[in-house]
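Engineer: have a look; sequence and predicted model below, questions after that.
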Amino acid sequence: MATERKLRLVEPGPPGGSTVDASSPRAEVDPRDREAVFRRFAPYVARIGLRLLGRHEEIDDLVQDVFLDAQRGLDELREPGAIKGWLATVTVRKAQRRLKLRRVRRVLGLDEGADYTQVADDAADPTSRHTLAKVYAVLDSLPSDERVAWSLRHVEGERLERVAELCGCSLATAKRKIAAAHQRILVELEVDG
Amino acid sequence: MDELTRTLAKAREHVTTKDDEVVLDRQWRGLVAKRRRRTVVKVAASAALVLLAALGAWRMVPTNAPTEVATSPSLRLPDGSMVFFLDADTEVTPRAVDDARIELALTRGRARFDVSRRPERAFVVDAEDVRVTVVGTEFVVAHETDEIEVDVLEGRVRVEAGDEDRLLRAGDRARFAAHATASASVEAPIEAVAVGGTNGDDTNGANGANGANGETTVATEDEPVVGRPTREPTRTVTASDGASNGNASPREATPAREDTTSWRALAEEGDFDAAWTALAAADDVRTTDVGDLMLAADAARLSGHPNEAVTYLRRVVDEHTSDSRAPLAAFTIGRVLLRSRPADAAEAFADAARLDPASSLAQDALAREVEAWHRAGRQERARALAEEYLARFPSGVRVDAVRRFGGLD
């Protein structure tokens, strides 16, 4: 049964689900124009950050950290189309660090969790809101690498190959992490997979 | 595809953020402030490296200069002590955290430890074979390849390194061999490891983002950033921009706002020492322009001229009382004067709260006023204000500090 679940996980994501590679009809920006890049892509970074972290209150800080750390790479980019991918890579890395730190705080009794019913926006139906709240609560108990891989796949809707790339691991490792997290979430939610 | 996957495929569109201009402006201002502070930290670190290279033969280097620019805590411990990660790759591993003992291991990078005074509790930091034990103080430990550097900012610490057992006082800085013996015993750390990265990059005050702070979601003691919300966003062409592009940049068509050698341009780039020098020479601060006054205050304050900074900030408070930046100016005066003139600092914090009583700054200002009166020896006043704080903000982020300074513990 567990093997079947893993097999299901390697199916491609839903059509149009991947947002990282989504093309934009808007004009390209010069990677060295810091403010233009920020204003164009900050909402995108914020959305990925929220999907990985689940806490609105951390997003401003994350966005700023991402653009600070991404600047050196942006200065070296010559292809405006690569900006989005680079920012996604930095966002994932920064989010992973935050999640590690969050686990430390939990060990020390300093992290009291969050009200994850606020993760979904106002337009979400009650079922979606309830499911998301439960999922994010479970995610807090997972190792950060599994959490990030699973979130990229199932919340951000990334392709498996892209998940592996963003997580800096092999495709097989990415699949294993996603499957492990998914199994754990299913058990916690008592959902019949 | 299981039910959970199907549900999430539909629900994911609702996990999104607001991307209006207000949010973008707030985030951008915070980013500019962070970049400025990061530049200051880099300059300070570079200066420290040059100094250490020059004094390489010395094992002991007394100094009164602050080692690091004040930043926000990356980790706040249950007893109120704070750990500030000073490098992007700093790693601190908690080994024991209870009422009797806090034991941390610095396994990589540098960190500053601001330890609350609790004589009944031992506070220990291990870095390789060097053990630093403190009672109540503030110090920096830097984990370098073969050496551990300990820099005491306040109080005293005892350092055990191999056969050495040395007492360091405030202002002392000493370096020790990282490994006393090849077979040094190392305790197994617990699973969790704190990874540094954004300390000093806090934007709690800069963006007003619900107290989000560096990598932390817990209360912090950081200093609000002096923002300039009405100033036009800076578009600075850096040296690397010019070097990396032989062709005309699109931005070159835009008229330059400032001569790049002006104190304003230097300050906005984070080069506060040069900005202060240029400002002193030009003496052209537009006193009717709050943004100019705030920027001049930044240049003065961050280049080590606090009294001059207070002069500019006081003009904002006194002559532009209705400006939205006046409360922040008052708060900053309080921060600048907190240690040297605590009674004046208390009055400034009171001004900040009075000028914008409904803001989150007012909460911080009240907490700081408690601390300032405590430092001024006005304990009754501190206690009364502490009680007021606890009544108004029972879940406030500075409850612990307020209780401590108000004598309510």
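Structural biologist: Thanks, I have the structure now.

Engineer: pull the number of nearby residues for residue 126.
Structural biologist: By default, I'm working from chain A. Counted by other C-beta atoms under 10 Å in any protein chain shown, the residues lying close to residue A:126 total 9. Heads up, the C-betas are built off the backbone N, CA and C, glycines and all.

Engineer: look at chain B instead
Structural biologist: 21.

Engineer: same check, this time on residue A:130
Structural biologist: Applying other C-beta under 10 Å, we find 16 residues neighbouring residue A:130.

Engineer: how far away is the closest residue to it other than its chain neighbours from residue B:10?
Structural biologist: For residue A:130, ignoring the flanking residues on the chain, the nearest one in space by C-beta to C-beta, 6 or more residues apart in numbering or on different chains is residue A:117 at 7.8 Å. Here the criterion is C-beta to C-beta, to the nearest Å. By it, residue A:117 lies 17 Å from residue B:10.

Engineer: quick one on the thing from earlier: could you confirm the residue nearest to residue A:130 falls within a strand?
Structural biologist: No: with DSSP: H, G, I helix; E, B strand; the rest coil as the criterion, residue A:117 is assigned helix and is not in a strand.

Engineer: read off the pLDDT value for it.
Structural biologist: Residue A:117 is assigned 87 on the pLDDT scale.

Engineer: from residue A:99, how far out is it?
Structural biologist: In this view, residue A:117 and residue A:99 are 20 Å apart by C-beta to C-beta.

Engineer: repeat that for residue B:141.
Structural biologist: On the measure of C-beta to C-beta, residue B:141 and residue A:99 end up 26 Å apart.

Engineer: also residue A:187?
Structural biologist: Where residue A:99 is concerned, residue A:187 sits at a distance of 21 Å (C-beta to C-beta).

Engineer: neighbour count for these two, which is higher?
Structural biologist: residue A:99 (23 against 11).

Engineer: the helix or strand that contains that one: how far from the chain's middle?
Structural biologist: Using DSSP states H and E, residue A:99 sits within helix A:83-107. Computed by C-alpha atoms, centre = their mean, to the nearest Å, the chain-centroid distance of helix A:83-107 equals 9 Å.

Engineer: which elements pack onto it?
Structural biologist: helix A:34-53, helix A:59-76, helix A:144-154, helix A:160-167, strand B:75-76, strand B:194-195 (3 or more C-beta pairs under 8 Å, 6 or more residues apart in numbering or on different chains; DSSP states H and E).

Engineer: helix, strand, or coil at residue B:150?
Structural biologist: Going by three-state DSSP: residue B:150 is strand.

Engineer: what about it, how many residues close to it?
Structural biologist: With other C-beta under 10 Å as criterion, residue B:150 counts 22.

Engineer: beta partners for it?
Structural biologist: residue B:141, residue B:174 (DSSP bridges).

Engineer: correct me, but it touches residue B:134?
Structural biologist: No: assessed by C-beta atoms under 8 Å, residue B:150 is found out of contact with residue B:134, at 10.2 Å.

Engineer: need the residues touching each of these two.
Structural biologist: Residues touching both residue B:150 and residue B:134 (C-beta atoms under 8 Å, 6 or more residues apart in numbering or on different chains) are residue B:157.

Engineer: need the phi and psi values for residue B:133.
Structural biologist: Main-chain dihedrals, residue B:133, degrees, to the nearest 10: phi -120, psi 130.

Engineer: so it bridges to which residues?
Structural biologist: Here residue B:133, judged by DSSP bridges, has bridge partners residue B:124, residue B:158.

Engineer: okay, now the unreliable bits of chain A?
Structural biologist: A:1-27, A:78, A:191-193 (pLDDT under 70).

Engineer: repeat for the stretch 101-250 of chain B
Structural biologist: Applying pLDDT under 70 to the stretch 101-250 of chain B picks out residues B:117, B:119-120, B:135-138, B:154-155, B:162-165, B:170-171, B:180-250.

Engineer: so what touches the helix or strand that contains residue A:130?
Structural biologist: Using DSSP H and E, residue A:130 sits within helix A:126-139. Here helix A:126-139 makes contact (C-beta under 8 Å, 6+ apart) with A:54, A:113-114, A:116-117, A:119-120, A:124, A:147, A:150-151, A:181, A:184-185, A:188-189, B:4, B:7-8, B:10-11, B:14-15.

Engineer: tell me the centre residue of chain A?
Structural biologist: Nearest residue to the geometric centre of chain A (C-alpha atoms, centre = their mean): residue A:52, 3.6 Å.

Engineer: from residue B:179, how far out is the residue lying closest to that residue once chain neighbours are set aside?
Structural biologist: Leaving aside its sequence neighbours, residue A:52 sits nearest to residue A:95 (C-beta to C-beta, 6+ apart; 4.1 Å). Counting by C-beta to C-beta, the gap from residue A:95 to residue B:179 is 35 Å.

Engineer: so for those two, which sits in the more crowded spot?
Structural biologist: Using other C-beta under 10 Å, the more surrounded residue of residue A:95 and residue B:179 is residue A:95, with 26 against 16.

Engineer: tell me the contacts of that one?
Structural biologist: Contacts of residue A:95 by C-beta under 8 Å, 6+ apart are A:48-49, A:52-53, A:62, A:148.

Engineer: 7 Å instead, please
Structural biologist: A:49, A:52-53, A:62, A:148 (C-beta atoms under 7 Å, 6 or more residues apart in numbering or on different chains).

Engineer: ditto for residue A:140
Structural biologist: residue A:113 are the contacts of residue A:140 under C-beta under 7 Å, 6+ apart.

Engineer: okay but residue B:115 is in contact with residue B:79, surely?
Structural biologist: No: assessed by C-beta atoms under 7 Å, residue B:115 is found out of contact with residue B:79, at 8.4 Å.

Engineer: neighbour count: these two, which is higher?
Structural biologist: residue B:115 (24 against 17).

Engineer: distance of the more buried one from residue B:273?
Structural biologist: Residue B:115 is 31 Å from residue B:273, by C-beta to C-beta.
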